[in-house]
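J.: the following block contains a protein sequence and its predicted model.
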Amino acid sequence: MNNMRFDIKGNPSYGEVNVDLGPDETILIEPGAMSRMSSNLDSSFQRQGGFFSAMFRKMFGGESFFLGKYSHQNGGQLTFAPSVPGSVQHYQLSNNSINIMSGAFLACTPGVSVKAKFGGFKALFSGEGAFLLEVSGNGDLFFNSFGGIVEKEINGDFIVDTGHVVAFEPSLNYKISGMGNWKSTMLSGEGLVMTFSGVGKIYLQTRTIDGIASWLTSRLI
Amino acid sequence: MNIEIDSEGAFGSAVVKLDPGEKFVSEAGAMYRASSNMDIDVESRKKQNEGMWGALKAGIKAAFAGESFFLSSYRTNDNQSGEVGLAPTHQGEVRKITVGSETWICSGGSYLGSSGGIELDTQYQGLLKGGFSGEGLVFVKASGEGELLVNGFGRISEVEVRDGITIDNGHLIAFTEGLEYTIGKAGGGWISSMMSGEGLVMKFRGNGKIFVQSHDPGRLGGALGALLPPREN
Amino acid sequence: MKYDIISAPSYSLLEMTLNEGESVIVEPGSMAWMDTTVKPKTEMKGGFFSGLKRRMGGESFFLNTYTAEGGSGKIGIAPGYSGDIVVKELNDETLYMERGAYLCHLGNIETSVSWEGFMGTFAEGMLGLRVSGTGLLFFGSYGDIQAVEVNGSYTVDNGYAVAWESSLDYSIARSGRTIRSFLFGDQLICKYHGNGKLWIQTRSPRNLAAWVHPFRSVKNDNK
């Protein structure tokens, strides 16, 4: 399996990815993410997965139906970036999986499958859309954070505001709740939190799009 | 005149130090700090064939589009040196471009400021080709001699044209006059573009320089706007 | 207590390790992550009236107190806006700051609304917060933070001043003439006078609000 030639520049403020596509090598990226490319590259679109899983992901996963597809028989260069500023991470998948929050997905190669992970009731009541994607298979995955990205090794229990979660290994369990009792939750100003338990790696971000939206709301014209 | 650019981190800004008699111009609203001997004047730039009211309408519309038709100019008022700090609206880097042997075409939202010797044409119509109305494509032509300050949403890179480069319009900061380009949709057909999410792109060929930004403010605006309460008008 | 400011200077987050029994008082909505040994409590700091005073300053009614119980605990704290975090040790001192800049503190510090401002339509930033006492204070900036030692006077555009020492006075002026519109930034400027430290941020929330305006959906008028 060929390893994709890429480099990430601009982390932690403005991560962007440059890929050097070989002949007929394909990359699938989030709609709108392409910033510049060699003029010969063909772009089209591809619907991820079968019809039902694509519908499901659109309703629950928050990612679009379609991904932009780029390749050319002669290869070419392509640069892409997420909609929010922050860090971009590359993750190599070799017959394993990782859970990522919707919105963090940026790009992948065709051997990677992206499925909405229905978290059961706990996902529905989280208030942030059912937002977990299970990404698995073989190939390259690129995901992004809003703001800085922090990697932590969890061994035990850890509480994270849901907006700050980017990705986590499937070995971790989690439950979603408010900040203690009902009154505390309403008054504390905090949203919902995920309490992780087990052993595994988690990726966190230092800003949230909801955070900047609530801050801006009180200052709107 | 001396321009110091603070480029550590994600929030670029520039502090322009002026000697007595020197003038600097910026997008109105870019000034965030200044020594107390700085005089600030507001100049309006009219759109072609329109009077004051037209300028006001154009200014308001342009301001909503992120482009300012109003410029502020700075001079010290006491025959001493002074300083003025300029910052863009959103986060991103700031870069200084020397204008002289080359004339630069700068995207309106990327224009931050320029020294007195630079002539600014805010009515640049050069991009109206290929049947596009130019709606949303506000460009400013900077010619003459001096320093041009541009801001980018994200990090700023200089790219080589080589055999041809296609740049999504939301990522274009500035390019030198003389480059050949066409404006079009990203994919083959319209539907293909809509699906893959790219809007307008410019395909460049020839000799020249191009500055691009890593991120597209329109995409952040869309993501943020969707989370904010609706507006009155 | 140990702390570390990570992801500085643009997406700064404060990671604090509290020893068992130690508490930190935090602006609601700022907790990013924490160990399960850190316990939250929402309360009106200083009673009902001071809660009200804080509310009118644009800060929330309530402040949250986080305490490490049954062991030490780590807590990550960050504001909603991007930018930097400043730490200031207060020794029986007073600081004025922009509403919304306050992040958290430890020790004997009181926060209250400062009415010493200009309360006009464009008063954003003028309704400030008075912070005084002894302890460790953390506040945030939208964008980069630049500290200026004012010696005489200095001008700052409205919305860009974050915090200043109480030894400084300020006055508000209009910056120019001719065309005015509520959209444009050179409306009001603040001149600071005296000797003292002034913290300036390099972005303004109001400019961001004006810029994001066309991206918001329009209200439907069903008459």
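T.: That came through fine.
J.: what is the neighbour count of residue 10?
T.: No chain in the question, so chain A it is. Neighbour count for residue A:10, taken as other C-beta atoms under 10 Å in any protein chain shown: 21. For glycine as for every other residue, the C-beta is placed from the backbone atoms N, C-alpha and C.
J.: not what I meant, chain C
T.: Residue C:10: 24 neighbours (other C-beta under 10 Å).
J.: end-to-end on stretch A:202-220?
T.: End-to-end distance for stretch A:202-220, by C-alpha to C-alpha, to the nearest Å: 35 Å.
J.: close to chain C, is that stretch?
T.: Yes - against chain C, stretch A:202-220 shows contacts by C-beta under 8 Å from any C-beta of the partner chain at A:204, A:206-208, A:210-216, A:218-220.
J.: what's the closest of these to chain B?
T.: Distance to chain B, by C-beta to the nearest C-beta, is smallest for residue A:213 among the residues of stretch A:202-220 next to chain C, at 3.8 Å.
J.: need the residues of stretch A:202-220 next to chain C in TSV (columns: secondary structure, neighbour count and pLDDT).
T.: As requested, the residues of stretch A:202-220 next to chain C are exported to TSV (DSSP: H, G, I helix; E, B strand; the rest coil; neighbours: other C-beta atoms under 10 Å in any protein chain shown; pLDDT from 0 to 100):
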residue	secondary structure	neighbour count	pLDDT
A:204	strand	23	96
A:206	coil	29	96
A:207	coil	28	94
A:208	coil	24	89
A:210	helix	19	83
A:211	helix	24	86
A:212	helix	25	88
A:213	helix	18	86
A:214	helix	16	83
A:215	helix	18	86
A:216	helix	19	86
A:218	coil	11	77
A:219	coil	18	78
A:220	coil	16	78
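J.: format the residues you listed as CSV; extra columns: distance to chain B.
T.: Formatted as CSV, these follow (distance: C-beta to the nearest C-beta, whole Å):
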residue, distance to chain B
A:204, 18
A:206, 12
A:207, 11
A:208, 10
A:210, 7
A:211, 10
A:212, 7
A:213, 4
A:214, 8
A:215, 11
A:216, 7
A:218, 11
A:219, 11
A:220, 7
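J.: centre-most residue in the chain?
T.: All of this is about chain A. The residue lying closest to the centre of chain A (C-alpha atoms, centre = their mean) is residue A:104, at 2.1 Å.
J.: my bad, the chain I had in mind was chain C
T.: Central residue of chain C (C-alpha atoms, centre = their mean): residue C:101, 0.9 Å from the mean position.
J.: quick one, phi/psi of that one?
T.: Note on residue C:101: its backbone torsions stand at phi -80, psi -30 [degrees, to the nearest 10].
J.: my guess is it contacts residue C:138. True?
T.: No - with contact defined as C-beta atoms under 8 Å, residue C:101 and residue C:138 do not form a contacting pair (9.9 Å).
J.: show me the shaky parts of chain C.
T.: C:43-62, C:114-127, C:174-187, C:221-223 (pLDDT under 70).
J.: cool, chain A as well?
T.: Low-confidence segments of chain A, defined by pLDDT under 70: A:1-2, A:47-65, A:118-131, A:179-190, A:221.
J.: how far away is whatever residue of chain A ends up closest to chain B from residue A:197?
T.: Residue of chain A nearest chain B, by C-beta to the nearest C-beta: residue A:31 (2.5 Å). Separation of residue A:31 from residue A:197 (C-beta to C-beta, to the nearest Å): 36 Å.
J.: please save the CA atoms from stretch A:5-24 in PDB.
T.: What follows is stretch A:5-24, C-alpha atoms only, in PDB (Å, rounded to 0.1, in the frame of the first residue of the first chain):
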ATOM      1  CA  ARG A   5       2.900  12.000   0.300                       C
ATOM      2  CA  PHE A   6       1.800  14.900   2.300                       C
ATOM      3  CA  ASP A   7       2.900  17.600   4.700                       C
ATOM      4  CA  ILE A   8       1.100  19.700   7.200                       C
ATOM      5  CA  LYS A   9       2.100  23.300   7.700                       C
ATOM      6  CA  GLY A  10       0.800  26.000  10.000                       C
ATOM      7  CA  ASN A  11       0.000  24.000  13.100                       C
ATOM      8  CA  PRO A  12      -1.100  25.000  15.800                       C
ATOM      9  CA  SER A  13      -2.600  28.200  14.400                       C
ATOM     10  CA  TYR A  14      -3.600  27.400  10.900                       C
ATOM     11  CA  GLY A  15      -3.000  23.800   9.900                       C
ATOM     12  CA  GLU A  16      -3.200  23.200   6.200                       C
ATOM     13  CA  VAL A  17      -2.300  20.000   4.300                       C
ATOM     14  CA  ASN A  18      -0.400  19.800   1.100                       C
ATOM     15  CA  VAL A  19      -0.600  16.400  -0.700                       C
ATOM     16  CA  ASP A  20       1.400  15.300  -3.700                       C
ATOM     17  CA  LEU A  21      -0.900  12.900  -5.500                       C
ATOM     18  CA  GLY A  22       0.700  10.200  -7.600                       C
ATOM     19  CA  PRO A  23      -0.800   9.000 -10.900                       C
ATOM     20  CA  ASP A  24      -4.400   8.000 -10.300                       C
END
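J.: how far off centre is that stretch?
T.: Counting by C-alpha atoms, centre = their mean, to the nearest Å, stretch A:5-24 is centred 16 Å from the centre of its parent chain.
J.: briefly note if it comes near chain C.
T.: Yes - looking at stretch A:5-24 against chain C by C-beta under 8 Å from any C-beta, the contacts come from A:12, A:13.
J.: ok, that stretch near chain B or not?
T.: Yes - shown here: stretch A:5-24 in contact with chain B (C-beta under 8 Å from any C-beta) through A:9, A:10, A:13, A:14, A:15, A:16.
J.: show me how to select, in ChimeraX, the buried members of those.
T.: This is the ChimeraX syntax for the buried subset of the residues of stretch A:5-24 next to chain B, where burial follows 16 or more other C-beta atoms under 10 Å in any protein chain shown:
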select /A:10,13,14,15,16
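J.: can you tell me which of the residues of stretch A:5-24 next to chain B are in strands?
T.: A:9, A:16 (DSSP state E).
J.: out of the residues of stretch A:5-24 next to chain B, who's nearest residue C:173?
T.: Nearest to residue C:173, judged by C-beta to C-beta, of those is residue A:13 at 34.8 Å.
J.: and stretch A:201-214, how far out from the chain's middle?
T.: On the basis of C-alpha atoms, centre = their mean, stretch A:201-214 sits 12 Å off its chain's mean C-alpha point.
J.: count the neighbours of residue A:73 for me.
T.: For residue A:73, the tally of surrounding residues (other C-beta under 10 Å) stands at 9.
J.: wait, residue A:199
T.: Residues lying near residue A:199 (other C-beta under 10 Å) number 11.
J.: so it sits against residue A:168, correct?
T.: No - taking C-beta under 8 Å as the definition, residue A:199 is not a contact partner of residue A:168, at 11.4 Å.
J.: ok, residue B:115 - contacts?
T.: Going by C-beta atoms under 8 Å, 6 or more residues apart in numbering or on different chains, residue B:115 touches B:1, B:22, B:23, B:24, B:25, B:146, B:147, B:148.
J.: measure it to chain C for me?
T.: 19 Å (C-beta to the nearest C-beta, to the nearest Å).
J.: do residue A:44 as well
T.: Applying C-beta to the nearest C-beta, the value for residue A:44 to chain C is 28 Å.
J.: check which helix or strand covers that residue.
T.: Element membership of residue A:44, judged by DSSP states H and E, is strand A:42-47.
J.: list the neighbouring strands of that strand plus their orientation.
T.: strand A:66-71 (antiparallel) (DSSP bridges).
J.: of residue A:31 and residue A:197, who's got more company?
T.: When residue A:31 and residue A:197 are compared on other C-beta under 10 Å, the one with more neighbours turns out to be residue A:31, at 20 against 15.
J.: on the three-state scheme, that one is what?
T.: Following DSSP: H, G, I helix; E, B strand; the rest coil, residue A:31 is assigned to coil.
J.: and for residue B:15, the neighbour number?
T.: Counted with other C-beta under 10 Å, residue B:15 comes out at 18.
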